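J.: Structure for the following, please:
(one chain, ligands or ions: 2)
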Amino acid sequence: MIHIIPKPTDTQSDNSTSMVMAELQKRGVPYAKLDLASIDPFNLPVSGETIWACGIKQDGIQFELLKALELENHVINSTDSIATCASKVTTTAKIICSGAPSPATCFTNSKEIVQKFIDAHGGKAVYKPVYGFDGNGIYMFHSADEIKEEPPYYVQEYVKNDRDYRIFVIDNKAVGAIKRQSAHLTHNIHQGGTGCAVEIPKDMADAAESAARAVGIDYCGVDLLPLEGGGYTVLEVNGTPNWHCMTAPIPKLLADYLIRQDKESRR
Ligand SMILES: Nc1ncnc2c1ncn2[C@@H]1O[C@H](COP(=O)(O)OP(=O)(O)OP(=O)(O)O)[C@@H](O)[C@H]1O
Ligand SMILES: [Mg+2]
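T.: Ligands and ions are numbered 1, 2, ... in the order given. Just a heads-up that it's a prediction; the model follows:
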(Lines give C-alpha, C1' and ligand atoms only; values in the text may rest on other atoms or scores of the structure.)
(Ligands and ions follow the chains in the order given, each with its own letter.)
Protein backbone atom coordinates (compact mmCIF):
# COMPACT_ATOMS: atom_id res chain seq x y z
CA MET A 1 0.00 0.00 0.00
CA ILE A 2 1.03 3.63 -0.43
CA HIS A 3 1.56 5.41 2.88
CA ILE A 4 1.42 9.18 2.81
CA ILE A 5 3.12 11.64 5.11
CA PRO A 6 1.12 14.88 4.75
CA LYS A 7 2.89 18.17 4.13
CA PRO A 8 3.08 20.05 7.45
CA THR A 9 2.43 23.39 5.73
CA ASP A 10 -0.81 22.26 4.02
CA THR A 11 -3.80 24.50 4.65
CA GLN A 12 -7.44 24.05 3.78
CA SER A 13 -7.16 26.25 0.69
CA ASP A 14 -3.71 25.01 -0.35
CA ASN A 15 -3.46 21.31 0.34
CA SER A 16 -0.95 19.45 -1.83
CA THR A 17 -1.37 16.15 0.02
CA SER A 18 -5.13 15.90 -0.43
CA MET A 19 -4.90 16.79 -4.13
CA VAL A 20 -2.79 13.68 -4.72
CA MET A 21 -4.90 11.55 -2.34
CA ALA A 22 -8.00 12.54 -4.34
CA GLU A 23 -6.32 11.22 -7.51
CA LEU A 24 -5.49 7.90 -5.81
CA GLN A 25 -9.07 7.66 -4.61
CA LYS A 26 -10.37 8.29 -8.13
CA ARG A 27 -8.39 5.26 -9.31
CA GLY A 28 -9.55 3.13 -6.39
CA VAL A 29 -5.96 2.76 -5.16
CA PRO A 30 -5.76 2.20 -1.41
CA TYR A 31 -3.55 4.47 0.68
CA ALA A 32 -3.11 5.36 4.33
CA LYS A 33 -1.94 8.50 6.07
CA LEU A 34 1.19 8.10 8.15
CA ASP A 35 1.79 10.38 11.14
CA LEU A 36 5.56 10.76 11.06
CA ALA A 37 5.69 12.38 14.51
CA SER A 38 4.26 9.23 16.12
CA ILE A 39 6.83 6.79 14.62
CA ASP A 40 9.15 4.84 16.92
CA PRO A 41 12.35 4.53 14.84
CA PHE A 42 13.32 1.36 16.77
CA ASN A 43 10.00 -0.36 16.22
CA LEU A 44 8.80 0.53 12.72
CA PRO A 45 5.05 0.28 12.14
CA VAL A 46 5.38 -0.45 8.38
CA SER A 47 7.70 -2.62 6.32
CA GLY A 48 8.01 -3.39 2.59
CA GLU A 49 5.72 -0.49 1.68
CA THR A 50 5.89 2.63 -0.47
CA ILE A 51 6.00 5.83 1.58
CA TRP A 52 5.40 9.22 -0.01
CA ALA A 53 6.58 12.16 2.08
CA CYS A 54 4.75 15.14 0.60
CA GLY A 55 6.75 17.24 3.06
CA ILE A 56 8.50 17.02 6.41
CA LYS A 57 9.12 19.41 9.27
CA GLN A 58 12.70 20.65 9.52
CA ASP A 59 12.76 20.08 13.27
CA GLY A 60 15.76 17.76 13.56
CA ILE A 61 13.50 14.77 14.35
CA GLN A 62 11.33 14.10 11.32
CA PHE A 63 14.21 13.67 8.88
CA GLU A 64 15.75 11.04 11.20
CA LEU A 65 12.39 9.24 11.46
CA LEU A 66 12.06 9.19 7.68
CA LYS A 67 15.59 7.75 7.42
CA ALA A 68 14.63 4.98 9.85
CA LEU A 69 11.49 4.20 7.80
CA GLU A 70 13.66 3.99 4.68
CA LEU A 71 15.54 1.00 6.17
CA GLU A 72 12.51 -1.20 5.45
CA ASN A 73 10.43 0.81 2.96
CA HIS A 74 10.68 2.59 -0.39
CA VAL A 75 10.61 6.29 0.50
CA ILE A 76 9.78 8.90 -2.17
CA ASN A 77 11.69 11.21 -2.38
CA SER A 78 14.65 9.35 -0.90
CA THR A 79 16.15 10.92 2.21
CA ASP A 80 19.50 11.22 0.40
CA SER A 81 17.93 13.30 -2.35
CA ILE A 82 15.99 15.46 0.14
CA ALA A 83 19.24 16.10 2.04
CA THR A 84 21.03 17.00 -1.20
CA CYS A 85 18.32 19.49 -2.13
CA ALA A 86 18.31 21.07 1.34
CA SER A 87 21.95 22.08 0.89
CA LYS A 88 22.73 24.52 -1.90
CA VAL A 89 26.37 23.45 -1.66
CA THR A 90 25.70 19.74 -2.23
CA THR A 91 23.15 20.51 -4.96
CA THR A 92 25.52 22.83 -6.83
CA ALA A 93 28.39 20.35 -6.45
CA LYS A 94 26.27 17.56 -7.97
CA ILE A 95 25.02 19.81 -10.77
CA ILE A 96 28.51 20.98 -11.72
CA CYS A 97 29.96 17.48 -11.37
CA SER A 98 27.34 16.11 -13.78
CA GLY A 99 28.00 18.78 -16.38
CA ALA A 100 24.55 20.41 -16.01
CA PRO A 101 24.59 24.22 -16.37
CA SER A 102 25.15 26.27 -13.19
CA PRO A 103 26.12 29.87 -12.44
CA ALA A 104 29.73 30.19 -11.22
CA THR A 105 29.62 29.62 -7.46
CA CYS A 106 32.03 30.09 -4.58
CA PHE A 107 31.84 28.45 -1.14
CA THR A 108 34.38 29.58 1.40
CA ASN A 109 35.11 30.81 4.92
CA SER A 110 37.27 33.62 3.57
CA LYS A 111 36.05 37.14 2.73
CA GLU A 112 39.26 37.61 0.72
CA ILE A 113 38.25 34.75 -1.55
CA VAL A 114 34.71 36.18 -1.82
CA GLN A 115 36.21 39.54 -2.85
CA LYS A 116 38.34 37.88 -5.53
CA PHE A 117 35.22 36.07 -6.79
CA ILE A 118 33.30 39.39 -7.02
CA ASP A 119 36.21 41.05 -8.85
CA ALA A 120 36.28 38.17 -11.35
CA HIS A 121 32.49 38.35 -11.95
CA GLY A 122 31.70 41.95 -12.86
CA GLY A 123 31.96 43.54 -9.39
CA LYS A 124 28.86 41.93 -7.88
CA ALA A 125 27.54 38.62 -6.63
CA VAL A 126 24.50 37.05 -4.97
CA TYR A 127 24.67 35.83 -1.35
CA LYS A 128 22.45 32.85 -0.43
CA PRO A 129 22.00 30.97 2.87
CA VAL A 130 23.22 27.37 2.38
CA TYR A 131 19.95 25.91 3.74
CA GLY A 132 17.70 28.78 2.58
CA PHE A 133 14.25 28.54 0.98
CA ASP A 134 11.46 30.76 -0.39
CA GLY A 135 14.04 33.36 -1.42
CA ASN A 136 14.73 34.23 2.23
CA GLY A 137 18.06 35.90 3.06
CA ILE A 138 19.16 36.29 -0.58
CA TYR A 139 20.73 39.59 -1.64
CA MET A 140 23.04 41.12 -4.18
CA PHE A 141 26.26 42.74 -2.93
CA HIS A 142 29.28 44.52 -4.40
CA SER A 143 31.94 44.11 -1.71
CA ALA A 144 32.73 41.24 0.70
CA ASP A 145 32.45 43.73 3.60
CA GLU A 146 28.69 43.99 2.94
CA ILE A 147 28.20 40.39 4.14
CA LYS A 148 26.98 40.52 7.73
CA GLU A 149 26.33 36.78 8.11
CA GLU A 150 28.80 34.41 9.76
CA PRO A 151 30.89 32.19 7.47
CA PRO A 152 30.78 29.95 5.52
CA TYR A 153 29.71 32.00 2.51
CA TYR A 154 27.85 30.59 -0.49
CA VAL A 155 27.98 33.24 -3.21
CA GLN A 156 27.04 33.06 -6.84
CA GLU A 157 27.72 34.99 -10.00
CA TYR A 158 24.80 37.39 -10.69
CA VAL A 159 22.95 36.16 -13.77
CA LYS A 160 21.16 39.12 -15.36
CA ASN A 161 17.42 38.40 -15.67
CA ASP A 162 13.92 39.74 -15.23
CA ARG A 163 12.28 36.38 -14.44
CA ASP A 164 12.95 32.83 -13.40
CA TYR A 165 11.32 29.47 -14.12
CA ARG A 166 10.20 26.62 -11.89
CA ILE A 167 10.05 23.31 -13.74
CA PHE A 168 8.28 20.31 -12.23
CA VAL A 169 10.15 17.11 -13.07
CA ILE A 170 8.81 13.60 -12.42
CA ASP A 171 10.90 10.51 -13.21
CA ASN A 172 13.45 12.73 -15.00
CA LYS A 173 10.82 14.19 -17.32
CA ALA A 174 9.84 17.88 -17.26
CA VAL A 175 6.05 17.85 -16.97
CA GLY A 176 5.08 21.39 -15.99
CA ALA A 177 6.58 24.87 -15.81
CA ILE A 178 5.82 28.34 -14.58
CA LYS A 179 7.50 31.66 -15.19
CA ARG A 180 7.89 33.86 -12.10
CA GLN A 181 8.35 37.60 -12.33
CA SER A 182 8.88 40.50 -9.98
CA ALA A 183 10.54 43.91 -9.96
CA HIS A 184 13.28 42.71 -7.59
CA LEU A 185 16.09 40.16 -7.34
CA THR A 186 14.10 37.22 -5.97
CA HIS A 187 11.09 36.21 -8.06
CA ASN A 188 9.78 33.59 -5.59
CA ILE A 189 6.04 33.74 -5.04
CA HIS A 190 6.75 34.03 -1.29
CA GLN A 191 8.70 37.20 -2.11
CA GLY A 192 5.83 38.77 -4.04
CA GLY A 193 6.60 37.33 -7.50
CA THR A 194 3.74 36.32 -9.78
CA GLY A 195 3.65 32.95 -11.47
CA CYS A 196 2.11 31.93 -14.78
CA ALA A 197 2.19 28.60 -16.57
CA VAL A 198 4.40 28.33 -19.67
CA GLU A 199 5.24 25.78 -22.35
CA ILE A 200 8.47 23.82 -21.95
CA PRO A 201 10.86 24.27 -24.88
CA LYS A 202 13.46 21.54 -25.41
CA ASP A 203 16.43 23.48 -23.97
CA MET A 204 14.41 24.23 -20.81
CA ALA A 205 13.45 20.56 -20.44
CA ASP A 206 17.06 19.49 -21.03
CA ALA A 207 18.40 21.81 -18.29
CA ALA A 208 15.73 20.79 -15.76
CA GLU A 209 15.98 17.08 -16.50
CA SER A 210 19.78 17.12 -16.31
CA ALA A 211 19.55 18.77 -12.86
CA ALA A 212 17.04 16.16 -11.63
CA ARG A 213 19.31 13.36 -12.87
CA ALA A 214 22.35 14.99 -11.23
CA VAL A 215 20.58 14.97 -7.87
CA GLY A 216 19.04 11.52 -8.41
CA ILE A 217 15.51 12.31 -7.28
CA ASP A 218 12.06 10.83 -8.03
CA TYR A 219 10.37 14.19 -8.55
CA CYS A 220 11.40 17.77 -7.91
CA GLY A 221 11.03 21.45 -8.75
CA VAL A 222 14.01 22.81 -10.64
CA ASP A 223 14.63 26.57 -10.60
CA LEU A 224 16.18 27.98 -13.77
CA LEU A 225 17.32 31.40 -14.93
CA PRO A 226 17.28 32.25 -18.64
CA LEU A 227 20.66 33.16 -20.14
CA GLU A 228 20.96 36.32 -22.24
CA GLY A 229 22.54 34.41 -25.12
CA GLY A 230 19.84 31.70 -24.98
CA GLY A 231 19.47 28.56 -22.90
CA TYR A 232 19.11 28.20 -19.14
CA THR A 233 21.19 27.79 -16.02
CA VAL A 234 20.17 25.80 -12.94
CA LEU A 235 19.82 27.60 -9.61
CA GLU A 236 18.63 24.77 -7.45
CA VAL A 237 16.52 21.65 -7.11
CA ASN A 238 13.64 21.53 -4.61
CA GLY A 239 12.97 18.14 -3.05
CA THR A 240 9.51 18.85 -1.61
CA PRO A 241 8.16 21.17 -4.31
CA ASN A 242 4.68 22.68 -4.52
CA TRP A 243 2.99 23.20 -7.87
CA HIS A 244 1.53 26.66 -7.39
CA CYS A 245 0.28 28.28 -10.62
CA MET A 246 1.02 25.17 -12.72
CA THR A 247 -1.68 24.21 -15.20
CA ALA A 248 -0.13 20.77 -15.86
CA PRO A 249 -2.07 18.06 -13.96
CA ILE A 250 0.69 17.54 -11.35
CA PRO A 251 -1.44 15.73 -8.69
CA LYS A 252 -2.59 13.20 -11.32
CA LEU A 253 0.96 12.70 -12.63
CA LEU A 254 2.32 12.30 -9.10
CA ALA A 255 -0.39 9.78 -8.22
CA ASP A 256 0.41 7.81 -11.41
CA TYR A 257 4.11 7.83 -10.48
CA LEU A 258 3.45 6.61 -6.93
CA ILE A 259 1.24 3.78 -8.21
CA ARG A 260 3.93 2.77 -10.71
CA GLN A 261 6.66 2.79 -8.10
CA ASP A 262 4.55 0.83 -5.63
CA LYS A 263 3.84 -1.85 -8.26
CA GLU A 264 7.49 -2.06 -9.29
CA SER A 265 8.76 -2.44 -5.73
CA ARG A 266 6.43 -5.43 -5.28
CA ARG A 267 7.76 -7.34 -8.31
N1 LIG B 1 22.86 33.78 -9.23
C2 LIG B 1 21.72 34.47 -9.30
N3 LIG B 1 21.61 35.53 -10.16
C4 LIG B 1 20.46 36.25 -10.22
N5 LIG B 1 19.36 36.00 -9.46
C6 LIG B 1 19.42 34.97 -8.59
C7 LIG B 1 20.59 34.16 -8.46
N8 LIG B 1 20.36 33.22 -7.53
C9 LIG B 1 19.10 33.42 -7.10
N10 LIG B 1 18.52 34.47 -7.73
C11 LIG B 1 17.14 34.93 -7.53
O12 LIG B 1 16.70 34.51 -6.25
C13 LIG B 1 15.63 33.57 -6.35
C14 LIG B 1 15.76 32.49 -5.30
O15 LIG B 1 16.92 31.74 -5.53
P16 LIG B 1 17.01 30.19 -5.18
O17 LIG B 1 15.95 29.46 -5.92
O18 LIG B 1 18.40 29.73 -5.38
O19 LIG B 1 16.70 30.23 -3.60
P20 LIG B 1 15.64 29.61 -2.57
O21 LIG B 1 15.50 30.58 -1.46
O22 LIG B 1 16.14 28.28 -2.22
O23 LIG B 1 14.28 29.43 -3.33
P24 LIG B 1 13.12 28.32 -3.15
O25 LIG B 1 11.90 29.05 -2.74
O26 LIG B 1 12.97 27.79 -4.49
O27 LIG B 1 13.53 27.30 -2.16
C28 LIG B 1 15.72 33.02 -7.76
O29 LIG B 1 14.52 32.50 -8.19
C30 LIG B 1 16.20 34.26 -8.53
O31 LIG B 1 15.09 35.11 -8.78
MG1 LIG C 1 14.26 28.64 -5.65
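J.: Per-residue confidence, the residue nearest to the spatial centre of the chain, what does it come out as?
T.: Nearest to the geometric centre of the chain sits residue 238, at 0.2 Å (C-alpha atoms, centre = their mean). The predicted local distance difference test score for residue 238 is 97.
J.: Quick check: closest non-adjacent residue to it.
T.: Here the nearest residue to residue 238 in space, its sequence neighbours aside, is residue 221; by C-beta to C-beta, 6 or more residues apart in numbering that works out to 4.0 Å. For the C-beta atoms, the positions are set from N, CA and C on the backbone; glycine is no exception.
J.: Next: residue 47.
T.: Beyond its immediate neighbours in the sequence, the residue positioned closest to residue 47 (C-beta to C-beta, 6+ apart) is residue 72, lying 4.2 Å away.
J.: Which residues are in contact with that neighbour?
T.: By C-beta atoms under 8 Å, 6 or more residues apart in numbering, the contact list for residue 72 reads 44, 46-48.
J.: Residue 168 is in contact with the residue nearest to residue 238, correct?
T.: Yes. Counting by C-beta atoms under 8 Å, residue 221 does reach residue 168; the two are 5.7 Å apart.
J.: quick one: residue 91 is in a helix?
T.: Yes. Assigned with DSSP: H, G, I helix; E, B strand; the rest coil, residue 91 falls within a helix.
J.: how many neighbours does it have?
T.: Counted with other C-beta atoms under 10 Å, the neighbours of residue 91 add up to 24.
J.: Over to the one 3 residues further on?
T.: With neighbours defined by other C-beta under 10 Å, the count for residue 94 comes to 21.
J.: Give me the ChimeraX select line for the contacts of residue 72, limited to the buried ones.
T.: Applied in ChimeraX, the following selects the buried portion of the contacts of residue 72 according to 16 or more other C-beta atoms under 10 Å:
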select :44
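J.: Using TSV, please lay out the contacts of residue 72 together with pLDDT.
T.: Written out in TSV, the entries for the contacts of residue 72 read as follows (pLDDT from 0 to 100):
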residue	pLDDT
44	98
46	97
47	97
48	97
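J.: Now, the contacts of residue 72 that are in strands?
T.: When DSSP state E defines the strands, the subset of the contacts of residue 72 inside them is empty.
J.: in the stretch 1-150 of the chain, what residue is nearest ligand 1?
T.: Distances from the stretch 1-150 of the chain to ligand 1, computed as C-beta to the nearest ligand atom, single out residue 133 as the nearest residue at 3.8 Å.
J.: For residue 63, see how far away the residue nearest to the centre of the chain is.
T.: Taking C-beta to C-beta, to the nearest Å as the criterion, residue 238 is separated from residue 63 by 16 Å.
J.: now swap in residue 137 and tell me
T.: When distances are taken as C-beta to C-beta, residue 137 and residue 63 turn out to be 21 Å apart.
J.: Tell me which of these two has more neighbours.
T.: Applying other C-beta under 10 Å to residue 137 and residue 63 shows that residue 63 carries more neighbours, namely 17 against 14.
J.: per-domain residue ranges of the chain.
T.: Described in terms of automatic domain parsing, the domain architecture of the chain consists of the residue ranges 2-76, 105-157, 161-238.
J.: out of those, deepest packed?
T.: Most buried of those, by mean neighbour count (mean count of other C-beta atoms under 10 Å): domain 161-238, with a mean of 19.
J.: Any part of that domain near ligand 1?
T.: Yes. Domain 161-238 comes into contact with ligand 1 (C-beta under 6 Å from any ligand atom), by way of 161, 164, 185-188, 223, 225, 235-236, 238.
J.: Please render those as a markdown table that adds secondary structure to the earlier fields.
T.: Formatted as a markdown table, the residues of domain 161-238 next to ligand 1 follow (three-state DSSP):
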| residue | secondary structure |
| --- | --- |
| 161 | coil |
| 164 | strand |
| 185 | coil |
| 186 | coil |
| 187 | coil |
| 188 | coil |
| 223 | strand |
| 225 | strand |
| 235 | strand |
| 236 | strand |
| 238 | strand |
